[in-house]
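# Give me the fold of what follows.
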Amino acid sequence: MFKGERVNLRPQKKEDAELIVKYQSDPDVVSNYYMGFCIPPIKDFVNHWYERSMEHKDGFSFAIENKDGLYIGGCHTMQLNWKNGVTYFAIYVGHPDYRSKGYGTEALKLFLGFLFNELGLRKVKLNVFSFNKRAIRCYEKCGFIVEGINKKELYRNGEYHDNFAMSITRDRFLQGGNN
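Take a look at the predicted model:
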């Protein structure tokens, strides 16, 4: 477990599935988190994903919880490339009472500390939709920079939106995100 001032990161548990389904079915989360058309996750799918992630050990998935142990969101790696020391990641705060209050930023800093300091990764990457201002602010606070823009890549709510490719290197993170 990784402990912060207001949040902890702990490994995902099968018991988290019900809240994962609830939070990832929230229209705000669906709108900001999923690239293509999708139906919200169902419990069987989440349970299958959990079982698969435990079998393959090719990535890392953490629950974000408040200091009282309440599951409020999650974060995980994707396409972890050990040879090059690079991974994509995703994060969300699903509990509406904890959004836009710095909980995601604190969780992300803890997660980056794990990825860079414990795993020794060199670079962490993400994609974020241009309209997701809350997430972009969080990523920038943590030191991420925009590396590229995929123009008009996402169709949402009757119009096309850009998809930003952002990243942070271990050096930048260790220097406070200011280089």
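# Hmm, residue 64 is touching residue 71, no?
Yes - assessed by CB atoms under 8 Å, residue 64 is found in contact with residue 71 at 7.4 Å. Any C-beta I mention is one placed from the backbone N, CA and C, and that applies to glycine too.
# Tell me which of those two has more neighbours.
Per other CB atoms under 10 Å, whichever of residue 64 and residue 71 has more neighbours is residue 64, with 28 against 21.
# residues in contact with the more buried one?
Applying CB atoms under 8 Å, 6 or more residues apart in numbering, we find residue 64 in contact with 7-9, 71-75, 91, 93, 103-104, 107.
# Partner strands of the helix or strand hosting it, with direction?
Assigned by DSSP states H and E, residue 64 belongs to strand 61-66. Take DSSP bridges as the rule and strand 61-66 pairs in its sheet with strand 7-11 (antiparallel), strand 71-81 (antiparallel).
# Turn the ones you listed into a markdown table, columns for mean pLDDT and distance to residue 21.
As requested, these are exported to a markdown table (pLDDT from 0 to 100; distance: least, CB to CB, whole Å):
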| stretch | mean pLDDT | distance to residue 21 |
| --- | --- | --- |
| strand 7-11 | 96 | 18 |
| strand 71-81 | 93 | 12 |
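# Make CSV out of those and add distance to residue 132.
Below are the strands paired with strand 61-66 laid out as CSV (distance: least, CB to CB, whole Å):
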stretch, distance to residue 132
strand 7-11, 20
strand 71-81, 15
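# Between these, which one is closest to residue 148.
strand 71-81 (16.5 Å; CB to CB).
# what about that closest one, distance to the chain center?
5 Å (CA atoms, centre = their mean, to the nearest Å).
# hmm, who's touching that strand?
Contacts of strand 71-81 (CB under 8 Å, 6+ apart): 7, 9, 12, 16, 19-20, 23, 53, 58-66, 87-95, 98, 103-104, 107-108, 111, 115.
# do stretch 84-101 as well
Residues contacting stretch 84-101 (CB under 8 Å, 6+ apart): 19-20, 22-24, 26, 28-29, 32-33, 59, 64, 66, 70-81, 103-104, 107-108, 111, 115, 120-127, 134.
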